[in-house]
Each structure stands twice: as C-alpha cells, then as structure tokens.
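Student: need a structure here:
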Amino acid sequence: MKPKIKKMNKFIKFIVFNNVIAITLAPFAIYIRDDKIMNNEKTINHEKIHWKQQVEMLILPFYIWYLIEFIIRLFINGNSAYKKLLFEQEAYNNDKNYNYLNNRKMYSWLKYF
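Tutor: Alright, predicted model coming up:
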C-alpha cells in the first residue's frame with residue numbers, strides 16, 4: 001500500500017485544529033498544508049515513516065497505541081509528550097535519511113523504548 005500525498009483540506013484542518021503542517025491518516029492519504037507541500041522532502045519522508053508504522057500495525061491498533069501512549073506521556077513528560085512518543089522519535093530521527101524506508105525493519109519504533 002503506497003501513500004497518496006494530498007493537500008490538506010478544510011475538514012482535515014478542522015480535525016487537527018489547523019495547527020499541524022502534515023498528518024498521515026492511513027489508509028486514506030498523507031495530508032500536507034498547501035503552503036508546505038512543495039519542496040518539503042523532509043516532511044514527506046517523516047509522514048511516509050508514519051505511513052509505514054500505521055500499515056505494519058494494521059492501522060487501528062496504531063491509533064489506539066498512539067492515543068494511549070500520548071495520554072501516559074502527558075502525565076510523565078507534560079508539554080514534551082508529543083516528541084517523546086515512540087512513533088515520533090523514529091520519524092524525527094530518520095526524516096532526513098531519504099533511504100531509511102528502503103532499509104527499515106518492521107517495528108523499528110520499538111527500539112525507542
């Protein structure tokens with residue numbers, strides 16, 4: 001399953017409170033704000049890593065894990081909870097490596113425990 005890259009529409013902006021650059025919503029697409037979609041390989045690579053994570057976890061379990069981990073990390077890490085999520089750590093640490101997905105092993109985010 002290969003991700004489609006789409007411009008973020010009004011509905012997606014509404015559900016993310018219009019304060020994110022991009023969001024991956026497998027199995028639908030990767031949505032990127034209009035002003036960020038061109039020449040932003042790093043953001044696209046970051047979101048493709050999330051796409052791979054979501055697909056390997058069969059999508060719904062990914063969202064459940066993400067939500068539960070986020071709630072737990074809010075209590076532990078406060079405002080830095082988002083950056084401490086295992087999925088985000090993998091994506092941020094590898095979003096500049098454009099060959100990462102070619103060599104990535106399944107469930108690589110687990111090494112950030």
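Student: Surely Gln54 touches Thr24?
Tutor: Yes - Gln54 is within contact range of Thr24, at 6.5 Å (criterion: C-beta atoms under 8 Å). For glycine as for every other residue, the C-beta is placed from the backbone atoms N, C-alpha and C.
Student: intersection of neighbour lists for those two?
Tutor: Counting by C-beta atoms under 8 Å, 6 or more residues apart in numbering, Gln54 and Thr24 have no shared contacts at all.
Student: What is the burial count for Arg73?
Tutor: 18 (other C-beta atoms under 10 Å).
Student: now swap in the one 4 residues further on and tell me
Tutor: Burial of Asn77, expressed as a neighbour count using other C-beta under 10 Å, amounts to 14.
Student: tell me what the lengthiest helix in the chain is packed against?
Tutor: Longest helix in the chain by number of residues (criterion: DSSP state H): helix 60-77. Where contact means 3 or more C-beta pairs under 8 Å, 6 or more residues apart in numbering; DSSP states H and E, helix 60-77 is packed against helix 41-56, helix 81-84, helix 86-94.
Student: Pipe those into CSV and attach mean neighbour count, mean pLDDT and distance to Tyr63 per row.
Tutor: Converted to CSV, the helices and strands packed on helix 60-77 look like this (neighbours: other C-beta atoms under 10 Å; pLDDT from 0 to 100; distance: least, C-beta to C-beta, whole Å):
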stretch, mean neighbour count, mean pLDDT, distance to Tyr63
helix 41-56, 20, 97, 8
helix 81-84, 14, 96, 15
helix 86-94, 18, 98, 11
